[in-house]
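Have a look at this prediction, sequence included:
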Amino acid sequence: MSRLTARSSTIFIATGAKTRVYRSVEDVPPALRRRLVESTRGLNSATILIADKRGREELVRALQGRASDVQCRLADTIRSREQLNQPPLEHRFSFRSTRTWLELLLPAAVAGSLLILAHFCP
């Protein structure tokens with residue numbers, strides 16, 4: 001059984017209120033191509049491989065500003081790392097802790113002692 005592979009490129013470029021579609025980088029006008037090359041060399045650039053019709057639909061949905069059903073692995077990774085680095089909410093600040101009460105009451109006790117000392121000592 002032979003295998004058939006179709007390869008195509010579609011480049012969506014949105015400038016201002018217009019979105020233009022090109023079939024290859026060579027089809028992009030030179031001034032716009034220069035901006036395209038500069039923007040795709042940055043840290044925020046990525047290659048998108050769309051392997052099926054659903055991938056194309058997701059890309060069109062993203063270009064239209066609608067929500068996507070696809071999970072972003074990078075965002076999920078960042079969120080999971082943040083959750084690992086942060087202690088749970090109940091451990092951050094709890095009135096049940098002796099340390100918390102000391103941190104709140106000790107400065108007040110020292111300030112009160114200083115006021116009383118200053119009032120009675122001439």
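Noted; the coordinates are in hand. Numbering: from 1, shown residues only.

so which strand or helix has Phe12?
Using DSSP states H and E, Phe12 sits within strand 11-15.

Name every strand pairing with whichever helix or strand comes after that strand and say which way it goes.
Remark: after strand 11-15, the chain's next helix or strand is strand 18-22, criterion DSSP H and E. Strand 18-22 pairs in its sheet with strand 11-15 (antiparallel), by DSSP bridges.

got the contact list for the strand it pairs with?
19-25, 27-28, 32, 36, 59, 63 (CB atoms under 8 Å, 6 or more residues apart in numbering). Placement of C-beta: from N, CA and C, glycine included.

Any of those buried? List them.
Tyr22, Val28, Leu36, Leu59 (16 or more other CB atoms under 10 Å).

if we look at the sheet, which residues does the nearest residue to the second one once chain neighbours are set aside bridge to?
Closest residue in space to Val28, ignoring its immediate chain neighbours: Tyr22 at 5.1 Å, by CB to CB, 6 or more residues apart in numbering. In this entry, Tyr22 is beta-bridged to Ile11, by DSSP bridges.
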